[in-house]
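Student: Show me the folded form of this:
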Amino acid sequence: QVQLVESGGGLVQAGGSLRLSCAASGRTFRRYAMGWFRQAPGKEREFVAAISWTDSSTSYADSVKGRFTIARDVAKNTVNLQMNSLKPEDTAVYYCAADLDRVYGSSRSREYDYWGQGTQVTVSP
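Tutor: Residues are numbered from 1 along each chain as shown. Alright, predicted model coming up:
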């Protein structure tokens, strides 16, 4: 069993930055891949970023590449998402997720086993 709790969401102006954190508890944190997804009103949940549990290799959606950075802190059992140069289209509820079966984080939400409750990010024009 894994529990995930996101924090760090809020309201920011376009061009600003936010840092989301996801605190994990339960199974050994270092042994599962982690991902961030987001869901805007009326839209499907979409992949944002993922990080492996072995060499911390990362992957990003094209829409956030170069602006967002995912990183994990094994000592603190957290995975963070640094979001820079935010745009109004980044407005969504952001979720972190854990994949216990794969080394490298997938971009497919159905492959994740556990999810946090989500944190709202709103970017004003």
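Student: For the residue nearest to the spatial centre of the chain, give me its contacts.
Tutor: Centre of the chain computed as the mean C-alpha position; nearest residue by C-alpha atoms, centre = their mean is residue 36, 2.2 Å away. Remark: with contacts taken as C-beta atoms under 8 Å, 6 or more residues apart in numbering, residue 36 is in contact with 20, 22, 48, 49, 50, 70, 79, 81, 94, 95, 96, 97. C-beta here means a position set from N, CA and C on the backbone, and glycine is covered the same way.
Student: Also residue 58?
Tutor: Counting by C-beta under 8 Å, 6+ apart, residue 58 makes contact with 49, 50, 51, 52, 69, 70.
Student: what sits up against the host helix or strand of residue 93?
Tutor: The secondary structure element spanning residue 93 is strand 92-99 (assigned by DSSP states H and E). Defining contact as C-beta under 8 Å, 6+ apart, one finds that strand 92-99 is touched by 2, 4, 6, 9, 20, 22, 24, 32-40, 43, 45, 48, 79, 81, 105-106, 109, 111-121.
Student: Would you mind measuring from residue 20 to residue 55?
Tutor: When distances are taken as C-beta to C-beta, to the nearest Å, residue 20 and residue 55 turn out to be 22 Å apart.
Student: what are the ranges of the strands in this structure?
Tutor: Assignment of strands within the chain using DSSP state E yields the ranges 2-7, 10-13, 18-26, 33-39, 46-51, 58-60, 68-73, 78-83, 92-99, 114-115, 119-124.
Student: export these to CSV and tack on mean pLDDT?
Tutor: Written out in CSV, the entries for the strands of the chain read as follows (pLDDT from 0 to 100):
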stretch, mean pLDDT
strand 2-7, 94
strand 10-13, 98
strand 18-26, 93
strand 33-39, 96
strand 46-51, 97
strand 58-60, 96
strand 68-73, 94
strand 78-83, 96
strand 92-99, 96
strand 114-115, 96
strand 119-124, 98
